[in-house]
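Undergrad: Everything below, folded, please.
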Amino acid sequence: MFRINYQLKKAEQIEPWGKELHWFGLTDSLLWIDAGNAVIYEYSDSAFNEWNIKYNDYQLARFLEDFSEILPYVAEPIPKILYDSIECFGKQIKTWEILYTEKSDSEFFDDFLPNFYEPLCNWFFRRTFNSMHLVDGPFIGCFRSDDNVKIFWESDCNETLKDGSTLWKYPKGVYEMKYSEFVSEVFRFFNSFEHDMDNQVNNVLKNGIKDVFVDKDQLKKENTMRKESFMQKVNSLNSNSEQKTCWSEVLSLYNKMISEIDNDRL
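TA: Sure thing, here's the model as predicted:
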């Protein structure tokens, strides 16, 4: 099961930045994502006991911005060999990079990075986003191959608690599902958010917030603009105008990387 869960806080419960509150601030919420038997953005039991926090507690707009940005790329299927490498690709490119850092700076920055590293890695990073606004936040990606899609997440686990345990209950994992099910859930999530955010905004427009300034005209305008922007990206999941990646170049560079890593190990 893949499901994006959230719980918007009521406007009067949200702490404003200074004495003003904008659209972004009104999206303050809890966020957690069911991915099979794991839950992305769920804190460990030790973290809950120490911090009294269960899920990602932040403005949902941050996730919406990052997640929606990768959707036009997720719509484009990637070659099977790359799809099968998702779990280890990050370590592979890091190993490859280290091989070239041992050479001269000019060769590394003038040749390797623009001509090899970036052309190879673009497909990967365009389908991923980080959670740097959170302590040790997970790196998340979505990758499609034919009718399937993988949800990949990984935290560096640099942050440990007093008892030595990790911050996240499920610090890394991969969940595979049908692409059609992924698309259906993404649409459900964004439609649900639109509905709830409309109610949030309408309540503020009608009742205001005690001791907090709200630019109501701007709030109404931004709510409409944000909905249109998000849904344009969501609709790309069913669009025929997919991103056009030169996969022959990517695969050639991928094979070059694997060959050079293997040769270095000999």
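Undergrad: Tell me how many other residues surround the residue lying closest to residue 80 once chain neighbours are set aside.
TA: Distances taken as Cβ to Cβ, 6 or more residues apart in numbering put residue 145 closest to residue 80, at 5.6 Å, once the chain neighbours are dropped. Where C-beta positions appear, they are placed from N, C-alpha and C, glycine not excepted. For residue 145, the tally of surrounding residues (other Cβ atoms under 10 Å) stands at 18.
Undergrad: How about residue 232?
TA: 13.
Undergrad: and it, what element?
TA: Assignment of secondary structure by DSSP states H and E places residue 232 within helix 216-235.
Undergrad: try residue 71
TA: Using DSSP H and E, residue 71 falls within helix 60-74.
Undergrad: what are the phi and psi angles of residue 170?
TA: phi -130, psi 80 (degrees, to the nearest 10).
Undergrad: Distance of it relative to residue 79?
TA: 28 Å (Cβ to Cβ, to the nearest Å).
Undergrad: before we move on, the earlier item: tell me how far the helix holding residue 71 lies from the chain's centre.
TA: The chain centroid and the centroid of helix 60-74 are separated by 6 Å under Cα atoms, centre = their mean, to the nearest Å.
Undergrad: low-scoring stretches of the protein, by residue?
TA: 159, 240-243, 266 (pLDDT under 70).
Undergrad: Contacts only, for the residue positioned nearest the centre of the chain.
TA: Taking Cα atoms, centre = their mean, the centroid of the chain lies closest to residue 129, which sits 3.9 Å from it. By Cβ atoms under 8 Å, 6 or more residues apart in numbering, the contact set of residue 129 is 66, 67, 69, 70, 139, 140, 141.
Undergrad: Quick one, which of those residues are buried?
TA: 66, 67, 70, 139, 140, 141 (16 or more other Cβ atoms under 10 Å).
Undergrad: Show me which of those is closest to residue 203.
TA: Taking Cβ to Cβ as the measure, residue 203 lies nearest residue 67 of those, at 25.2 Å.
Undergrad: and that closest one, what is it in contact with?
TA: So residue 67 contacts residue 129 (Cβ under 8 Å, 6+ apart).
Undergrad: Could you pick out the longest helix of the chain?
TA: In the chain, assigned by DSSP state H, the helix with the most residues is helix 179-207.
Undergrad: could you give the angle of it to helix 216-235?
TA: 170 degrees (axes from the mean of the first three to the mean of the last three Cα atoms, to 10 degrees).
Undergrad: mind checking how far the closest residue to residue 183 other than its chain neighbours is from residue 76?
TA: Counting by Cβ to Cβ, 6+ apart, residue 183 lies nearest to residue 237, which is 4.8 Å off, once chain neighbours are set aside. In this view, residue 237 and residue 76 are 10 Å apart by Cβ to Cβ.
Undergrad: residues of the helix or strand encompassing residue 248 that come out buried?
TA: Using DSSP H and E, residue 248 sits within helix 247-265. Going by neighbour count (16+ other Cβ under 10 Å), the buried part of helix 247-265 is 250, 253, 254, 257, 261.
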